[in-house]
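Colleague: Sharing a sequence plus its predicted fold:
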Amino acid sequence: MPVHGRSSRLVVLSLCLYLCFGVDTRTTLFVDYPGDIMLGGLFPVHTTGTTNCNVINPERGIQRVEAMLFTLDEINNDTKLLPGLRLGAIIRDTCSASQFALEQALHFVLSSTDKCPADRGEGSGEKRGLNKDTPTTRGVVGSSYSSVSILVANLFRLFSIPQISYASTSAVLSDKRAFPLFARTVPSDVVQARAMATLVHDHNWTYVSTVRSAGDYGDSGMDAFWKEADKLGVCIAAREVIRINSGTEDLDAIVRVLRYDFAKARVVVLFTGMDHTKLLLDAVQRAGLVDHFVWIASDGWGRENLPVANNSRVANGALTIEIQAKPVTEFTEHYLNLGYDNPRNPWFRKYWEELFDCTFDTDAMASKQHGRRLLQTFAYRSVKRRSATESRTKPCSRDRNQRLRDRLSSGFQQEAKVQFVYNAVYAFAHGLHKLQEQLCPGNPYHPSWDKYMCIERLLNFSGTEFYETMISTSFTAVYGNIGVESGASSTYNDEFIDKNDKELSGTSASAILP
């Protein structure tokens, strides 16, 4: 893909020096799903916080990675979509941290230039060089958190790499002057904030406190909520913020403000990330304030279980908002049928160990070493904690008939954004299919059809023009209406629901988003 201008060439050189000499990529795992045309994927496979990218994120990480792989399988088994070509992907872990995510995004950029030497990462498949062996990244699916998407979108813009997020909802990302190649399959926080304000108003709550995560997600989302609340006559009491470096004392102080300084505001509206939500509920638990607050939370909490782990009593009665999604039925069956021997997902065994509370004997040492190496990549953090694997002594069963359903069969719920991962991958596939029809005439199944010339044309096609082609391509989606936000006008199936699946009034219908 083209790199424009002297400044971009300087960026390439700087990134090469940083990646080749500043980051030990040999310690970084990634999924290598082979194909003729390659996409990138960015997912929060691990959570961050004080554990330094050492705790698996089952729903937002593992499920979403498997959702992308499942979708690629489905596309490649469809003889009518991208006929004669195979869509592949390199999928990397963001560790739910902007700094680490940027390092991973650099690989997608450098694979699209001819300025750097070979990569040294460890994939689920064979090792690839950055340029000699690694195909150009045609587009990237991701990321999850808005702060991460904003950071990597600024990078991808310089190298004309289109990006579709399945979960980043910050209104900041709607600015097409700043993010000309960013799209998403979810609506912005403006719609979510309107739903939350409507929920508060409909319950006749006129005086509420607010807590937000510092950063693009929390700041823009809460700002939108304040504006919508003001329109509806709802007054704001406390306006607290949780910062990236907020510790136990800071969270305890926030709880004291909510409890004593604004005691009459029992309803607390949250626009916080999942980790910050848990930290806040932990602090409420420490204060012994069971059944004291009524929580109204954004999709940063949504349907996730992590925030309420060990905090179910203080979270009781919370109303959490989630974008309404239609479960991908076939994915649930696929996911529950996965066994421990899942070689294309390099993080799956670690997830299995945590789920079944066991260890794979000979793999345990490698897992511990990997955990230590990941800690080294987070040089800016000083606390090293014992890997969860180190405390496990029970060997994992190597019964090939054992499946995830053996542990998850009762009460399994598909992660809320799986549909939007599915739709994002399909959006790329249909955009590429339209390009294939334009650039690669002839019957793909005829011996005279030149597959490699077609691949070359698809890869050399302008990233900006591909983006425009992709967002203008319409297709029928099996799961929900496809809406890829591309700027001034986009259509979504933007119904929001609370955690009890009660539809919120005034928020359902297709909407044209700014």
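Modeller: Sure thing, it's come through. None of these values were measured; they are calculated from a predicted model.

Colleague: rest of the way, CA atoms for contacts and neighbours
Modeller: Fine.

Colleague: Centroid-nearest residue for the chain?
Modeller: To find the centre residue of the chain, average its C-alpha atoms and take the closest one (Cα atoms, centre = their mean): that gives residue 144, at 2.3 Å.

Colleague: before we move on, what SS does the closest residue to that one other than its chain neighbours have?
Modeller: What sits nearest to residue 144 in space, not counting adjacent residues and going by Cα to Cα, 6 or more residues apart in numbering, is residue 167, at 4.9 Å. Going by DSSP: H, G, I helix; E, B strand; the rest coil, the secondary structure assigned to residue 167 is coil.

Colleague: Do I have it right that the residue nearest to the centre of the chain meets residue 170?
Modeller: No: using Cα atoms under 8 Å, residue 144 and residue 170 do not qualify as a contacting pair, with a distance of 10.9 Å.

Colleague: related to what we said a few turns ago, pLDDT score for the residue nearest to the centre of the chain?
Modeller: The predicted local confidence for residue 144 comes out at a pLDDT of 93.

Colleague: Check residue 475 too.
Modeller: The predicted local confidence for residue 475 comes out at a pLDDT of 74.

Colleague: helix, strand or coil for residue 38?
Modeller: strand.

Colleague: can you pull the contacts of it?
Modeller: For residue 38, the set of contacting residues under the criterion of Cα atoms under 8 Å, 6 or more residues apart in numbering consists of 87, 88, 89, 90, 135, 136, 137, 138, 139.

Colleague: So in that sheet, which strands flank the helix or strand containing the fourth one, and in what orientation?
Modeller: Meaning residue 90. Per DSSP states H and E: residue 90 is located in strand 87-93. Strand 87-93 sits in its sheet next to strand 29-33 (antiparallel), strand 37-43 (parallel), going by DSSP bridges.

Colleague: contacts for that strand?
Modeller: The list of residues contacting strand 87-93 from outside it, by Cα under 8 Å, 6+ apart, reads 29-46, 65, 72, 75-76, 101, 104, 429.

Colleague: Mind giving me the packing neighbours of the following helix or strand past it?
Modeller: Heading C-terminal from strand 87-93, the first helix or strand you meet, by DSSP H and E, is helix 98-110. Applying 3 or more Cα pairs under 8 Å, 6 or more residues apart in numbering; DSSP states H and E, we find helix 98-110 packed against helix 5-17, strand 37-43, strand 87-93, helix 146-158.

Colleague: For stretch 463-481, which residues meet the burial criterion?
Modeller: If you call a residue buried by 16 or more other Cα atoms under 10 Å, then stretch 463-481 has these buried ones: 463, 464, 466, 467, 468, 469, 470, 471, 473, 480, 481.

Colleague: Can you dump the C-alpha atoms of stretch 436-448 in CSV for me?
Modeller: Only the C-alpha atoms of stretch 436-448 are listed here, as CSV (Å, rounded to 0.1, in the frame of the first residue of the first chain):
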residue,chain,number,x,y,z
GLN,A,436,-12.5,-8.7,-7.6
GLU,A,437,-15.4,-8.3,-10.0
GLN,A,438,-13.9,-5.0,-11.2
LEU,A,439,-10.2,-6.0,-11.4
CYS,A,440,-10.2,-9.7,-12.1
PRO,A,441,-12.5,-10.5,-15.1
GLY,A,442,-13.2,-14.0,-16.1
ASN,A,443,-14.2,-17.2,-14.5
PRO,A,444,-12.1,-17.9,-11.4
TYR,A,445,-12.6,-21.6,-11.9
HIS,A,446,-11.4,-21.7,-15.5
PRO,A,447,-7.8,-22.8,-16.0
SER,A,448,-7.0,-19.6,-17.9
